[in-house]
Structure formats: C-alpha cells, structure tokens
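Peer 1: need the 3D shape of this:
(one chain, ligands or ions: 1)
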Amino acid sequence: SSLLMSGKRGLIMGVANDRSIAWGIAKALHEQGAQLAFTYQGDALAKRVRPLAESVDSNLVLPCDVTDEDSIDAVFESLGKSWDGLDFVVHAIAYADKDQLKGRYLATTRDNFVRSLDISCYSFTAVAQRAVPMMREGGSLLTLTYYGAERVMPHYNVMGVAKAALEASVRYLAADLGAEGIRVNALSAGPIKTLAASGIGDFRYILKWNEYNSPLRRNVSLDQVGGSALYLLSDLSSGVTGEVHHVDSGYHTVGMMEVDAAPQ
Ligand code: NAD
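Peer 2: From the prediction side, this is the model:
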C-alpha cells in the first residue's frame, strides 16, 4: 500500500501510559501501517501497556528493565522468534532520583549519577547492540532527548548531563552504523506533561515559560512529536543520521521573545 511505514516492523520501548511520548509515537507509526512490538518496565505497567498495544493491533508485549542485560537479551530473543527482521527501535526511557530533580545539580550523589546515566544514556547503546544484528539496510534507531542537554534548565540537573551524553552517543552510534545503512537520531522534545516529567521540580512553570517564549507560542503535543518521529523512522529521512532534531515549537532558536509574546 502507499502508507509510509507499511511492511516495516519496530520495537517501542518506554510506554508507561497513554500520555507517554512513546505512545504518541506508536500511534503515528500505526496509522502509517507499521507493525509494532512493545516493552514495559515491571509487572505494574503490564496491565496499562497491553490494552494500548492491542488497540494498535500488537500482541508482542514484553517486559524489559534496561538495567538488566539479561532482560534486554530476552526481549531480542523473543523478537527474533516472531520476526525475521527489525526496521526501527524507539527508545523513550529515562530515570533520575526525583529528590535530585530539584535544587542544585551540585548535590548529585554518585549513586544517582551512575544510575541516571546507566538508564537514561547507556541503555540506548545496549539496545542498539542487540537491535543491529536484526536490522537491514534502512534501519532506524531513535531516542528522546531534551534541551537541558545543551543549556541549563532549572531542576533538570543530572538528567541534563545524561541527555548530553545520550546526544553524544547518538553521533558515535551513527558513525559506527552508517556503513551498514542504519541511521541513529534523537528527537529533542519540548516539555510535555508525562509521568516522568511530573518528577521534575516546578514543571508547570517550565511549561508556561515554554509556551510564552516559543515562536509558535504553544507547547508541543504528543501527535506533533509522533509526526516528527514518523519522519525520522521512515525512509523520508533516509539522508539524515547523527541528528538531534528539535520538536519544541522553536524554543531552542530564541534568545529573547518580544515582551508582548505572552497571551494578554
Ligand atoms: P514516561 O514516564 O511516560 O516514560 C518514561 C519511561 O521510562 C517509562 O515507560 C518507564 O517505565 C521507563 N523506564 C524508566 N526506567 C526504566 C528501566 N530501568 N527499564 C525500562 N524502562 C524504564 O515519560 P516521557 O516523558 O514520555 O519520557 C520518555 C522519554 O522522553 C524520556 O527519555 C524523557 O527524558 C524524554 N523527554 C521527555 C520530555 C517531557 O517533557 N516529557 C521532554 C523531552 C524528552
């Protein structure tokens, strides 16, 4: 058929509920004919993720804790039994101790630093290691990042450091995998009210600030992130790799907005 993703199969990692960015991306891919598999973290989320997966005609729903190498291995073993190839992976996973997503970065503990970087950065590389052997020419890997990697944002702290490392790893992976025709990119999404975001201090203020100070004068929706992900995961972006693409209503381009930009 003429759908953008028909005949393509991919793994979606990081759906917690219907407000997850991974879910927004999954819907956009499904609408364009992609066949999807999902991972979820922990039994508690299984009963959230299964019905969502079913609603997009997927019954491949697998547990995965990315801190556990065996758990990641098991996902790709199962996938290999059901599918003879893989076209894309969406990695929408991050974690930092909530108590350190407020106040000063200076207070970050070693334990939280190591855990945050492990889950939020290294896991993308660990997943790529398993995904690549299943991928063909034209494969696409996508992760999610945030502007706090590039500039200081209040309360983002160790997550900013983790995202900076993640964005660097996108470039290194892109260079490693380019010869195999596999692309690696990141979407830098503007703030969206999700479960993970609710752990960040003063998040409501951050949302308002972005709304008032973005060229488009609004926050981004899950559908908008889904649309941009679709581009990076489809052959429309076959000339794009190692890129960090901003889906943030243009916020990252602004030094200062006109005083009257905020709604009166
Ligand atoms: P979310 O809470 O819906 O998703 C986060 C996911 O990470 C959850 O599904 C959770 O289960 C998973 N996760 C955490 N630790 C894990 C582990 N050890 N093993 C497996 N999975 C684990 O929130 P979200 O905002 O949709 O986050 C998805 C991605 O988008 C994250 O990388 C986040 O940093 C990024 N992002 C979010 C925003 C935002 O404002 N919400 C902006 C830019 C980037």
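
Peer 1: by residue count, what's the longest helix in the protein?
Peer 2: helix 157-177 (DSSP state H).

Peer 1: what pairs with the next helix-or-strand element following it, parallel or antiparallel?
Peer 2: With elements assigned by DSSP states H and E, the helix or strand that comes after helix 157-177 is strand 183-189. Partners of strand 183-189 in the sheet, by DSSP bridges, are strand 135-145 (parallel), strand 244-247 (parallel).

Peer 1: just give me the neighbour total for Tyr231.
Peer 2: Using other CB atoms under 10 Å, Tyr231 is surrounded by 17 other residues. (Each C-beta comes from the backbone N, C-alpha and C, glycine too.)

Peer 1: correct me, but it touches Gly239?
Peer 2: No. Counting by CB atoms under 8 Å, Tyr231 sits too far from Gly239 to count as a contact (11.6 Å).

Peer 1: who wins for proximity to the ligand among the strands paired with strand 183-189?
Peer 2: strand 135-145 (3.4 Å; CB to the nearest ligand atom).

Peer 1: and the protein, which residues reach the ligand?
Peer 2: Residues of the chain that fall close to the ligand, judged by CB under 6 Å from any ligand atom: 14-16, 20-22, 41, 45, 64-67, 92-95, 119, 144-146, 189, 191-192, 194-197.

Peer 1: now with 5 Å?
Peer 2: By CB under 5 Å from any ligand atom, the residues of the chain that approach the ligand are 14, 16, 20-21, 41, 65-67, 92-95, 119, 144, 146, 189, 191-192, 194-197.

Peer 1: now the buried members of the residues you listed.
Peer 2: Buried residues within the residues of the chain next to the ligand, counting neighbours by 16 or more other CB atoms under 10 Å: 14, 16, 20-21, 41, 66, 92-95, 119, 144, 146, 189, 191-192, 194, 196-197.

Peer 1: list the buried ones in stretch 68-75?
Peer 2: Those would be Ile72, Ala74, Val75, for stretch 68-75 by 16+ other CB under 10 Å.

Peer 1: how about Ala131: what's its closest non-neighbour residue?
Peer 2: Val89 (4.9 Å; CB to CB, 6 or more residues apart in numbering).

Peer 1: downstream of the helix or strand encompassing that neighbour, the next helix or strand is which one?
Peer 2: Following DSSP H and E, one finds Val89 within strand 86-91. Downstream of strand 86-91, the next assigned helix or strand under DSSP H and E is helix 110-117.

Peer 1: quick one, that following helix and helix 157-177 angle?
Peer 2: Going by axes from the mean of the first three to the mean of the last three CA atoms, to 10 degrees, helix 110-117 is angled at 40 degrees with respect to helix 157-177.
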